[in-house]
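S.K.: here you go, sequence then predicted model.
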Amino acid sequence: MRALRRVKAFAPATVANVSCGFDILGFAIEALGDQVTVSFNDEARLRVLRIEGDGGKLPLEADKNTCAVAIHAMLLHLGSRQGMDIILEKGLPLGSGMGSSAASAAAALVAANVLLGEPFTKAQLVPFAMEAERVACGAAHADNVAPAILGGFVLIRDYHPLDLVPLPVPEGLYCTLLHPHLELRTEDARSVLKQQVSLKDATVQSGNIAGLVAGLYQNDLALVSRSLKDVIAEPSRALLIPGFYALRTAVMQEGALGSGISGSGPTIFVMSPSEEQARRVGAVAEALYQELGLGLDVYYSAINRQGAHVLETA
Ligand SMILES: Nc1ncnc2c1ncn2[C@@H]1O[C@H](COP(=O)(O)OP(=O)(O)O)[C@@H](O)[C@H]1O
Ligand SMILES: N[C@@H](CCOP(=O)(O)O)C(=O)O
């Protein structure tokens, strides 16, 4: 078989935390994502040749761009000095809370892995993508990169050693993503978090994460709905998102299952039992934001079950 010279891959946006699963739960969405093309070079180094769709904001330096940082971690593990060229087509808004840095790293890793003849399974790529998250936001959290690579819902049961648990996706579950027109850096949104949690809050949060996982397994959307609550990160972060609580009230009145901050925000995710319901929720949110005089982008999406995948090879 002829060796590959170039591989282009896609990785989806992700919703991390999913309310009660701070740093330990995330899911992938269908609506948008990043595309990365990787090819061999003879320079024995990684080069980010071009970035499209970022408005010139992202770094081309290989030690700063998450595509190159992730591939570097993978090559280091292999003990390889193979050079690669990278082209990033950014489909995700930056600092939105939809796993933008993770999507770049995930697509780059899947492309580079296929180019190298697939020395790694998809799950084995996750630690390399976590190194990219460390560079992007100062914390090697896996709740964006794991679902971006694997698709569906992924639980990070433990980080030491990394223990990933893919979870079932209930039928009909649909998501509305409400992206207010503002940029919130993950690093900043992490810095506002309290470093101590009370026993009472730890108990409430544990009940909800257990309930959410059980709800996914049992296809029980009422249980999913009761469990979409966050008493740890949301109270500090909600203050950074204009209209957060007003939006929650409005979408719950409209019949949503629940809502929360997507990752570190400012995007708000809303879960619904059908696409039709998700669209009604989006319309209500748009009207409310118009009343507040604020800009809002709305995305509708099923849960992405495939995760990062190859688009083209040459
Ligand atoms: N390919 C990339 N390389 C380097 N930084 C990136 C890349 N994509 C996004 N970023 C940046 O990483 C930082 C953290 O992003 P991220 O944690 O993904 O935030 P969010 O998910 O909220 O968009 C942001 O400042 C974003 O601009
Ligand atoms: N668990 C992280 C998730 C950050 O997600 P992002 O999409 O905002 O990068 C956190 O809550 O900080």
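M.R.: It's in. Numbers count the residues shown, from 1 in each chain. Ligands and ions are numbered 1, 2, ... in the order given.
S.K.: residue ranges for the helices of this structure, please.
M.R.: Using DSSP state H, the helices of the chain run over 66-78, 100-115, 122-137, 145-150, 186-191, 199-218, 221-227, 234-237, 244-253, 275-292.
S.K.: in terms of mean pLDDT, which of the ones you listed ranks lowest?
M.R.: Here the helices of the chain differ in mean pLDDT, and the lowest is helix 186-191 at a mean of 92.
S.K.: could I get the buried residue list for that one?
M.R.: Of the residues in helix 186-191, those buried under the neighbour-count criterion (16 or more other CB atoms under 10 Å) are 186, 189-190. For every residue, glycine as well, the C-beta is placed using N, CA and C.
S.K.: make JSON lines from the residues you listed and add distance to residue 40 to it.
M.R.: What follows is those, written out as JSON lines (distance: CB to CB, whole Å):
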{"residue": "186", "distance to residue 40": "32"}
{"residue": "189", "distance to residue 40": "38"}
{"residue": "190", "distance to residue 40": "36"}
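S.K.: same for ligand 1: which of these are within range?
M.R.: residue 186 (CB under 6 Å from any ligand atom).
S.K.: which single one of the buried residues of helix 186-191 is nearest to ligand 1?
M.R.: residue 186 (3.5 Å; CB to the nearest ligand atom).
S.K.: which residues does that closest one contact?
M.R.: By CB atoms under 8 Å, 6 or more residues apart in numbering, the residues touching residue 186 are 95, 97, 101, 136-137, 139, 263-264.
S.K.: and the residues you listed, which of them are buried?
M.R.: Among the contacts of residue 186, those that count as buried by neighbour count (16+ other CB under 10 Å) are 95, 97, 101, 136-137, 263-264.
S.K.: surely residue 16 and residue 142 touch.
M.R.: No: counting by CB atoms under 8 Å, residue 16 does not reach residue 142; the two are 9.0 Å apart.
S.K.: so the two - more neighbours on which side?
M.R.: Each of residue 16 and residue 142 has its neighbours counted (other CB atoms under 10 Å); residue 16 has more, 30 against 25.
S.K.: residues touching that one, list them.
M.R.: Here residue 16 is in contact with 23, 25-26, 97, 99, 141, 143-144, 147, 262-264 (criterion: CB under 8 Å, 6+ apart).
S.K.: and ligand 2, which of those reach it?
M.R.: With CB under 6 Å from any ligand atom as the criterion, the contacts of residue 16 include 23, 97, 99, 141, 143-144, 263-264 near ligand 2.
S.K.: save the residues you listed as TSV, and put in pLDDT and distance to ligand 1 too.
M.R.: Supplementary listing: the ones next to ligand 2 among the contacts of residue 16 in TSV, determined by pLDDT from 0 to 100; distance: CB to the nearest ligand atom, whole Å:
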residue	pLDDT	distance to ligand 1
23	97	12
97	95	4
99	97	5
141	97	9
143	98	11
144	98	6
263	97	5
264	96	6
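S.K.: residue contacts, the closest residue in space to residue 138 that isn't next to it in sequence?
M.R.: Spatial nearest neighbour of residue 138, excluding adjacent residues (CB to CB, 6 or more residues apart in numbering): residue 187 at 5.1 Å. With contact set as CB under 8 Å, 6+ apart, residue 187 has these partners: 137-139.
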